[in-house]
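Novice: Everything below, folded, please.
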Amino acid sequence: MDLVFRARRVVTPQGEIACDVGVTDGRIVAVEPRIDSPNVVHLADDEMLLPGLVDTHVHVNDPGRSDWEGFETATRAAAAGGVTTIIDMPLNSIPPTVEVAALEIKRKAAAAVSVDVGFWGGIIPGNLADLKPLHEAGVFGFKCFLLHSGVDEFPAVTTAELEAALRQLATLDALTIVHAEDAHTVRDSEPDYAGFLASRPREAENKAISDVVELTRRTGARTHVLHLSSSDALSILEAAKRDRLQITAETCPHYLTFTAEEIHDGQTEFKCCPPIREAENREALWQGLRDGVIDLVVSDHSPSTVELKEGDFATAWGGIASLQLGLPAVWTGARERGFQLTDVVRWMATHPARQVGLETKGAIEVGKDADFVVFAPDETFVVDKNKLHHRNPVTPYHGRTLNGVVRQTWLRGKEISQTRASLPKGKLLRRGEA
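Specialist: Presented below is the predicted three-dimensional model:
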C-alpha cells in the first residue's frame with residue numbers, strides 16, 4: 001500500500017471505530033484493525049479521520065465575476081474547510097451554464113483547482129433543447145429559480161416551464177434542483193432586517209415547495225429543494241416522502257447557526273435568500289435533520305465583493321460566504337443538540353455524494369477515493385474573516401467561536417497544501433464517471 005492512516009477514531013459507514021485505512025493509487029483498499037506498512041500517517045489522540053466533505057451548492061462565479069470569488073480561491077477555501085469535492089452552480093458566472101458552449105468555457109476557467117469540481121446545468125426560459133446535450137456533456141443536474149435569481153442573465157421559469165423541463169428530464173433520470181420561493185408572494189424589501197424578513201415570508205417557500213411537490217408527482221421526475229429556510233415546509237416534504245415521491249431537501253449552516261433575533265440593521269453580511277429566520281424556526285430545522293426530512297447540509301456559498309455587501313437590506317447582495325466554515329459551524333450546533341460526527345458526515349459527505357451519483361466519494365470504505373479530513377473536534381477557534389481563503393473578507397461568522405479544527409485535508413491520498421505554490425490539481429468531474 002502507498003499509505004496507511006492510523007486513528008483511534010475513524011468515521012465509517014458502520015459508525016465510529018478505531019482502525020487503519022490503507023490507500024493504493026488514490027483509492028481506499030483496506031479498512032482493518034491493523035495494517036503493517038512502512039508508510040503510516042498517525043493521527044493524534046485528539047484527532048478523527050473523516051471522509052472528505054462533498055458540497056453540492058457552491059457559487060464560484062467564474063468566469064465573468066471572478067472578483068466575487070473564482071476557482072483558485074474557492075477550491076483553496078474548500079480544502080481548508082475539509083471539503084474535497086464541490087459542485088458549482090450555473091449562475092453568477094458569465095455566461096451562465098445553460099448550454100454546452102458555456103459549460104466548456106467554465107471548464108477552461110477551472111483549469112487549476114485544488115479539490116475535485118463538478119458542474120450543474122441551468123434551466124431558463126427557452127433552453128429546453130439544451131438540456132439533453134448538457135446532460136450528455138456530464139453536468140450533475142439542472143438548477144432553476146421560481147423568482148428573480150438576482151442576476152438578469154439567469155431568468156426565472158414559470159411553473160409551466162418547469163413542468164415542461166421536468167417531463168423531459170424525467171426521461172433522462174436527471175436531477176432538477178429548485179430555488180423554491182414564490183414570485184407572487186415575495187415583495188420588495190425595506191432597508192431594515194425586519195422589513196427584509198417580512199418581504200420573504202415563510203409562505204413564499206411553502207407555496208413554491210408545494211408547487212414543486214405537485215410537479216414531481218405529475219411528471220415522475222427527481223427533484224431537490226435548495227436551501228430550505230422555512231420549517232413550516234417540513235410537513236409538506238414529509239408528506240411527499242411518505243408518498244414515495246423522488247424529492248429531497250437541503251438546508252445550510254447559516255440557517256442552523258444564526259437567528260433573526262440576533263441580526264441588527266446594517267449587518268448585511270447576514271443577508272441571504274431565503275432569509276435567516278427566528279430561533280424557533282432554526283430548532284425545527286434541526287429536528288427536520290433528526291427526523292430525516294432534510295437530507296443534507298451544504299453551504300450555498302454565494303460570495304460577492306465587499307462593496308456589493310454594503311448598504312442596507314434592500315440593496316445589498318443576498319449571499320453568505322461560508323465554504324471554509326461549514327464543517328465547524330454545523331458541528332458546533334450539532335454537538336450542542338446531542339448529535340455525533342457520524343450524523344454530520346452523513347449530512348455533509350455521504351448524502352450529498354449519493355444525491356449526485358458520486359459513487360467514489362462521501363465515505364471511508366473500500367473502493368472509495370482516499371479523500372480525508374483530519375479533524376480535531378474538541379479544539380475551538382475564533383473566526384477571523386481576514387484569515388479565510390475566500391477572495392473577499394465578508395462573512396457573518398467573523399468573531400464567532402466555533403468547535404472543530406480541520407488540521408489536514410487529503411485528496412486521493414495526497415495532502416492538500418494551503419500554499420499557492422504547491423496546490424495539487426483537483427479533477428474536473430463529469431456525471432457518471434467513477
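
Novice: Every contact and neighbour count from this point should use C-alpha atoms.
Specialist: Will do.

Novice: in the stretch 301-434 of the chain, which spans are helices?
Specialist: Ranges of helices in the stretch 301-434 of the chain, per DSSP state H, counting those that start in this stretch, are 326-336, 341-345, 351-355.

Novice: what distance separates the second one from the centre of its chain?
Specialist: Read it as helix 341-345. Offset of helix 341-345 from its chain centre (CA atoms, centre = their mean, to the nearest Å): 15 Å.

Novice: And the last one, by the same measure?
Specialist: The chain centroid and the centroid of helix 351-355 are separated by 11 Å, computed with CA atoms, centre = their mean.

Novice: buried ones in that helix?
Specialist: 351-353, 355 (16 or more other CA atoms under 10 Å).

Novice: Same question for the first one.
Specialist: For helix 326-336, burial by neighbour count (16+ other CA under 10 Å) applies to 326-334.

Novice: Take those residues and write them to JSON lines, including distance to Thr159.
Specialist: Putting the buried residues of helix 326-336 into JSON lines (distance: CA to CA, whole Å) gives the following:
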{"residue": "Gly326", "distance to Thr159": "32"}
{"residue": "Leu327", "distance to Thr159": "35"}
{"residue": "Pro328", "distance to Thr159": "37"}
{"residue": "Ala329", "distance to Thr159": "35"}
{"residue": "Val330", "distance to Thr159": "33"}
{"residue": "Trp331", "distance to Thr159": "37"}
{"residue": "Thr332", "distance to Thr159": "38"}
{"residue": "Gly333", "distance to Thr159": "36"}
{"residue": "Ala334", "distance to Thr159": "36"}
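
Novice: Now flag whichever of those residues is closest to Leu341.
Specialist: For those, the closest approach to Leu341 (CA to CA) belongs to Trp331, at 7.2 Å.

Novice: correct me, but that closest one touches Leu341?
Specialist: Yes - using CA atoms under 8 Å, Trp331 is in contact with Leu341, at 7.2 Å.

Novice: Check this structure for its longest helix and report it.
Specialist: Selection of the longest helix in the chain by residue count, based on DSSP state H, yields helix 202-219.

Novice: Now distance to Asn92 too, for the helices of the stretch 301-434 of the chain, in JSON lines please.
Specialist: Output for the helices of the stretch 301-434 of the chain, formatted as JSON lines (distance: least, CA to CA, whole Å):
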{"stretch": "helix 326-336", "distance to Asn92": "21"}
{"stretch": "helix 341-345", "distance to Asn92": "29"}
{"stretch": "helix 351-355", "distance to Asn92": "22"}
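
Novice: Of all these, which one comes closest to Ile209?
Specialist: Distance to Ile209, taken as CA to CA, is lowest for helix 351-355 among the helices of the stretch 301-434 of the chain, at 18.7 Å.

Novice: hmm, back to that, what is the next helix or strand after the longest helix of the chain packed up against?
Specialist: Per DSSP states H and E, helix 202-219 leads on to strand 222-225 as the next helix or strand towards the C-terminus. Applying 3 or more CA pairs under 8 Å, 6 or more residues apart in numbering; DSSP states H and E, one finds that strand 222-225 contacts strand 175-179, helix 202-219, strand 247-251.

Novice: highest average neighbour count across these?
Specialist: strand 175-179 (a mean of 24; mean count of other CA atoms under 10 Å).

Novice: picking that back up, want to try JSON lines for the buried residues of helix 351-355, with pLDDT as columns?
Specialist: Formatted as JSON lines, the buried residues of helix 351-355 follow (pLDDT from 0 to 100):
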{"residue": "His351", "pLDDT": "98"}
{"residue": "Pro352", "pLDDT": "98"}
{"residue": "Ala353", "pLDDT": "98"}
{"residue": "Gln355", "pLDDT": "97"}
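
Novice: Return the member of the residues you listed nearest to Lys271.
Specialist: Pro352 (24.8 Å).

Novice: was I right about the closest one contacting Gly52?
Specialist: No - assessed by CA under 8 Å, Pro352 is found out of contact with Gly52, at 11.3 Å.

Novice: So for those two, which residues contact both of them?
Specialist: Residues touching both Pro352 and Gly52 (CA atoms under 8 Å, 6 or more residues apart in numbering) are Gly362.

Novice: before we move on, the earlier item: what helices or strands is the longest helix of the chain leaning on?
Specialist: In terms of contacts (3+ CA pairs under 8 Å, 6+ apart), helix 202-219 is packed against helix 159-170, strand 222-225, helix 234-242.

Novice: so can I have TSV of these showing mean pLDDT, mean neighbour count and distance to Ala30?
Specialist: Output for the helices and strands packed on helix 202-219, formatted as TSV (pLDDT from 0 to 100; neighbours: other CA atoms under 10 Å; distance: least, CA to CA, whole Å):
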stretch	mean pLDDT	mean neighbour count	distance to Ala30
helix 159-170	98	19	38
strand 222-225	98	22	34
helix 234-242	98	16	36
